[in-house]
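Participant: Let me see the structure of the following:
(one chain, ligands or ions: 3)
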Amino acid sequence: MDIEQLRKIASEVVARDDVKCLIGWKKGSYGYRIAPAFVEDTEETADLIFSPLCTANLATYLTLVEKLPVPRGQEPDTRKVALMVKGCDSRAVTQLIVEKGISREDVVVIGCPCPGVVDAKLLAEKYPETEEAAEVKWNGDGFLLIRGGEEIKIARDEVLAEKCRLCRYPNPVISDLMLGEPVKPWDVPEDSGVVEIEEKSIQERWSYWLEEFDKCIRCYSCRNVCPLCYCQDCILDRLNPTWINRAVNFSENTAYNISRAFHLAGRCIECGECERVCPANIPLGKLNRKLAREVREKYGFEPGIDPEGEPFQASYKPDDPEDFIL
Ligand code: SF4
Ligand code: SF4
Ligand code: SF4
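Facilitator: Ligands and ions are numbered 1, 2, ... in the order given. The predicted structure follows:
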């Protein structure tokens, strides 16, 4: 990725009369931190980066931006939002369009072909963070860590994020502008990384998930970071009736996590953000990928691929398998 090309294209986009801002990534305040950049001025494009540390799926902001209150007496700003996307992020944009969460004409999609990002927790375990903001670059088949004047070559498999090991769409599936050349997709295991769960008996699976859900502190970070958890009236916040009690205990935690997983079935685009932000390290990716695999294999449906498609849960085919109907 040529950073100068990125900044030049970003400047051209931000200068457009029909664009109100561009959302991309910039260096964070220390260590391996990366922050979202909301760029409204061409000068601010100098902060933009795209690197293996840019894990966050910025599509989450598309629905949040629209929720900002408009000060009294002002008209809403209806200009477009430009968004930098990796392959997985672009699937979130596509799925939002399919669900009519956003309109295609309201967004300028800047595609970033993605060779895979690092798992920052894993990176910090192996190469502890320093106060100074570090840089990580793609380097042939691996990564190059630059911090404190030191350069460290790291093998790809050593710190590659699990979602990237399993990624089938590293190139954006939708874009108005593309930065650089597409990357060559890599071989991925068919099992979506869930064979370890599938090999367990039903009772073992239940025990496994109960142990995991017991750790949940109900911080709702997984919901808040998810680009497809954007209902304005979430059942979790309902008090009358109360579908899921706010008590942090084993039973309510399980109800919360299972409800969320089912609400995302056929919609989750496997960006891995929920698992990345979970402070309890609950392997949410395994749960979501298992449901995604079931939907893919049973119904031949993958969310976030076809902007002209129909939402999975709102479509019906006469030959759908109906094994679940007794
Ligand atoms: S899941 Fe794919 S597109 Fe997303 S960060 Fe990983 S390699 Fe890139
Ligand atoms: S992020 Fe983790 S701890 Fe927080 S609510 Fe979600 S599953 Fe629970
Ligand atoms: S459920 Fe998790 S992996 Fe799926 S779209 Fe939401 S944040 Fe991404």
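Participant: What residues sit buried inside the helix or strand containing residue 289?
Facilitator: Using DSSP states H and E, residue 289 falls within helix 284-299. Buried residues in helix 284-299, defined by neighbour count with 16 or more other Cβ atoms under 10 Å: 284, 285, 286, 287, 288, 289, 290, 291, 292, 293, 295, 296. In this view, the C-beta of every residue, glycine as well, is placed from N, C-alpha and C.
Participant: So which of those is the closest to ligand 3?
Facilitator: residue 288 (4.8 Å; Cβ to the nearest ligand atom).
Participant: Quick check: closest non-adjacent residue to the closest one.
Facilitator: Nearest residue to residue 288 in three dimensions, chain neighbours excluded: residue 268, at 4.5 Å (Cβ to Cβ, 6 or more residues apart in numbering).
Participant: low pLDDT regions in this structure?
Facilitator: For the chain, the stretches flagged by pLDDT under 70 are 65-68, 324-326.
Participant: Do a quick rundown of the helices in it.
Facilitator: 3-14, 60-67, 87-98, 120-126, 156-159, 162-165, 195-198, 202-213, 221-225, 250-263, 273-277, 284-299 (DSSP state H).
Participant: Export those as a markdown table, with columns for distance to residue 317.
Facilitator: Formatted as a markdown table, those follow (distance: least, Cβ to Cβ, whole Å):
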| stretch | distance to residue 317 |
| --- | --- |
| helix 3-14 | 40 |
| helix 60-67 | 29 |
| helix 87-98 | 16 |
| helix 120-126 | 41 |
| helix 156-159 | 40 |
| helix 162-165 | 29 |
| helix 195-198 | 26 |
| helix 202-213 | 29 |
| helix 221-225 | 30 |
| helix 250-263 | 20 |
| helix 273-277 | 29 |
| helix 284-299 | 8 |
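Participant: if I look at residue 78, how far off is ligand 2?
Facilitator: According to Cβ to the nearest ligand atom, to the nearest Å, residue 78 and ligand 2 sit 34 Å apart.
Participant: Also residue 147?
Facilitator: According to Cβ to the nearest ligand atom, residue 147 and ligand 2 sit 29 Å apart.
Participant: cool, residue 111 as well?
Facilitator: Separation of residue 111 from ligand 2 (Cβ to the nearest ligand atom): 29 Å.
Participant: cool, residue 159 as well?
Facilitator: According to Cβ to the nearest ligand atom, residue 159 and ligand 2 sit 22 Å apart.
Participant: wait, what's in contact with the nearest residue to residue 116 once chain neighbours are set aside?
Facilitator: Leaving aside its sequence neighbours, residue 116 sits nearest to residue 164 (Cβ to Cβ, 6+ apart; 3.7 Å). Contacts for residue 164 (Cβ atoms under 8 Å, 6 or more residues apart in numbering) come out as 114, 116, 117, 170.
Participant: Thanks a lot, see you next time.
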